[in-house]
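S.K.: only geometry, no sequence info:
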């Protein structure tokens, strides 16, 4: 084949593999070679798994000899370093787990392994998924492949950067308040935050259990649908999951004619950069041109962000209590168990993790008799009701994924809490458990802008249908407004 293997989408590579035009071993070798060329600039991976990848590729080639091989069989992918893989170091980008090697594998990786996917490595992230820039990591920052001086987003920035830099065909990330969608936006990619419970979280080190979701990050909407076919469904080891036998690729056709889309009121976009507002207006016009109706809706975005910060911190404080220096992970010296615990947490956790633990502990403090947190949860219920009311009148809501394009690395070093506002358009989906699908919407002439479609619970097929229609119409704008090469991927670094 004349086309560079690393320029192929998952769908294109799948067709080539199933037609035996190339082998999975060829694909794995091409991606490992690409990693060798670009990793010194991008730093997408914490732990590459080259030997495991070559062995998996050889096994996939045997599977591909049979006509019933899964669609993603033989395709290289990457996994965020908060997902366990038996025998492979899982650090969560923290000193606390710098040498931890699990003896179990996350459910989504088990599914990928069973389907013959080829794991290239574990990707960089903000420590324990707390952050929006992938700068707070023991491995150092990940750089945006479209401009290495800029952030790839966070906390799943390593997963997004790996796909954008052609160091993986697709990747798995996690999303607690926008942690997969925002990196996908910054890197010009697609990511779906699924309905809570559609994808198993078993084997993932959790940040906030009621908010976390495992998400695919892909090059286009078709690849995202293929990944969701693999990842979605009930897991007996995760009682929050539910059955799903959907083929999301069947939802990619049909267009949007007759559908109704909500958009935020103009004043809700006041903090957005001009390129984001332009992309929103253009997408709304495209939907109307395609036969859809567009109407303004009220969404509790500001309230959702404020509530999210408390809920996420409280659950993180509770979840991270297990790292006590007594059972696993880093262990520091101390005269008593309490001294050892204090020394371990002081040395093992970074500043952002400590900041959120303290915030969460304060919110849950017995000083308030639990009253403060009960009020927060009551307010969360209000956000759910108001969001449901808005979605009852439309098929989906179109809104920005982030208020601007990727910022320069180090921009928030002196004011880390200011970065929290970057999640203002994404947290509502996590608080309410509804799905949201990020797609590229254009750019500012250099870096990409992201748009999201948000829908009712279990409405992923509706989102895929609308996203595919928009993607087809917006590709020329993305190509013109973002630093992309002729085939639509990041220019070589």
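M.R.: Happy to help now that I have it. Values in this document were obtained by computation on a predicted structure and should not be read as measured data.

S.K.: residue ranges in the stretch 351-493 of the chain under the pLDDT threshold?
M.R.: The model of the stretch 351-493 of the chain has pLDDT under 70 over residues 368-370, 483-493.

S.K.: for it, which segments count as helices?
M.R.: Secondary structure of the stretch 351-493 of the chain (DSSP state H, counting those that start in this stretch): helices located at 351-363, 371-391, 427-432, 460-481.

S.K.: ok, now the stretch 1-150 of the chain?
M.R.: Under DSSP H, counting those that start in this stretch, the stretch 1-150 of the chain gives helices at 10-18, 24-42, 50-63, 107-114.

S.K.: give me the number of residues near residue 338?
M.R.: 10 (other CB atoms under 10 Å). C-betas here are computed from N, CA, C, even on glycine.

S.K.: how many other residues sit next to residue 84?
M.R.: 24.

S.K.: my bad, residue 281
M.R.: By the measure other CB under 10 Å, the count of residues near residue 281 is 13.

S.K.: just checking, what packs against the host helix or strand of it?
M.R.: Residue 281 belongs to helix 274-289 when assigned by DSSP states H and E. Counting contacts by 3 or more CB pairs under 8 Å, 6 or more residues apart in numbering; DSSP states H and E, helix 274-289 packs against strand 260-264, strand 293-297, strand 396-400, strand 436-443, strand 448-454, helix 460-481.

S.K.: need the pLDDT of the nearest residue to residue 157 once chain neighbours are set aside.
M.R.: Among residues not flanking residue 157 along the chain, residue 134 sits closest, at 2.9 Å (CB to CB, 6 or more residues apart in numbering). We have a pLDDT of 98 for residue 134.

S.K.: enumerate every residue touching residue 134.
M.R.: The contact partners of residue 134, taken as CB atoms under 8 Å, 6 or more residues apart in numbering, are 124-126, 141-142, 151-158, 161, 183.

S.K.: out of these, which is nearest to residue 58?
M.R.: residue 158 (26.0 Å; CB to CB).

S.K.: the closest one: how many residues sit nearby?
M.R.: By other CB under 10 Å, the residues close to residue 158 number 36.

S.K.: I figured it hits residue 141, correct?
M.R.: No: the criterion here is CB atoms under 8 Å, and residue 158 misses it with residue 141 at 9.8 Å.

S.K.: what do these two both touch?
M.R.: Counting by CB under 8 Å, 6+ apart, the residues touching both residue 158 and residue 141 are 43, 134.

S.K.: mind checking which residue lies nearest the centre of this structure?
M.R.: residue 180 (1.9 Å; CA atoms, centre = their mean).

S.K.: who are the contact partners of the closest residue to residue 196 other than its chain neighbours?
M.R.: By the measure of CB to CB, 6+ apart, the closest residue to residue 196 outside its immediate chain neighbours is residue 433, 3.6 Å from it. For residue 433, the contact set (CB under 8 Å, 6+ apart) comprises 195, 196, 197, 457.

S.K.: and the second one, how close does it get to residue 215?
M.R.: From residue 196 over to residue 215 the distance is 12 Å, taken as CB to CB, to the nearest Å.

S.K.: do the same with the third one
M.R.: In this structure, residue 197 lies at 14 Å from residue 215, with CB to CB as the measure.

S.K.: the two - which one has more neighbours?
M.R.: Higher neighbour count among residue 197 and residue 215: residue 215, with 32 against 20, using other CB under 10 Å.

S.K.: which of the three states applies to the more buried one?
M.R.: Judged by DSSP: H, G, I helix; E, B strand; the rest coil, the three-state class of residue 215 is strand.

S.K.: how about residue 243?
M.R.: coil.

S.K.: for the residue lying closest to it once chain neighbours are set aside, give its distance to residue 246.
M.R.: Nearest non-adjacent residue to residue 243, counting by CB to CB, 6+ apart: residue 234, 4.8 Å away. According to CB to CB, residue 234 and residue 246 sit 12 Å apart.

S.K.: before we move on, what about residue 219?
M.R.: Remark: distance between residue 219 and residue 246 (CB to CB) = 21 Å.

S.K.: so residue 222 is in which element?
M.R.: Secondary structure (DSSP H and E) places residue 222 in helix 221-231.

S.K.: so how far is that helix off the chain centroid?
M.R.: Averaging C-alpha positions (CA atoms, centre = their mean, to the nearest Å) puts helix 221-231 13 Å from its chain's average.

S.K.: list the buried ones in it?
M.R.: 221, 222, 223, 224, 225, 226, 227, 228, 229, 230, 231 (16 or more other CB atoms under 10 Å).

S.K.: next one: stretch 55-62
M.R.: Buried, per 16+ other CB under 10 Å, within stretch 55-62: 56, 57, 59, 60, 61.

S.K.: got a list of what the closest residue to residue 121 other than its chain neighbours touches?
M.R.: Computed as CB to CB, 6+ apart, the closest residue to residue 121 that is not its neighbour in sequence is residue 48, at 3.9 Å. Residue 48 sits next to 32, 35, 39, 120, 121 when contact means CB under 8 Å, 6+ apart.

S.K.: any chance of those residues in JSON lines, plus pLDDT and distance to residue 267?
M.R.: Shown next, in JSON lines, are the contacts of residue 48 (pLDDT from 0 to 100; distance: CB to CB, whole Å):
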{"residue": "32", "pLDDT": "98", "distance to residue 267": "49"}
{"residue": "35", "pLDDT": "98", "distance to residue 267": "45"}
{"residue": "39", "pLDDT": "98", "distance to residue 267": "44"}
{"residue": "120", "pLDDT": "98", "distance to residue 267": "44"}
{"residue": "121", "pLDDT": "98", "distance to residue 267": "44"}
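
S.K.: quick one: which of those is nearest residue 106?
M.R.: For these, the nearest to residue 106 is residue 121 (14.5 Å; CB to CB).
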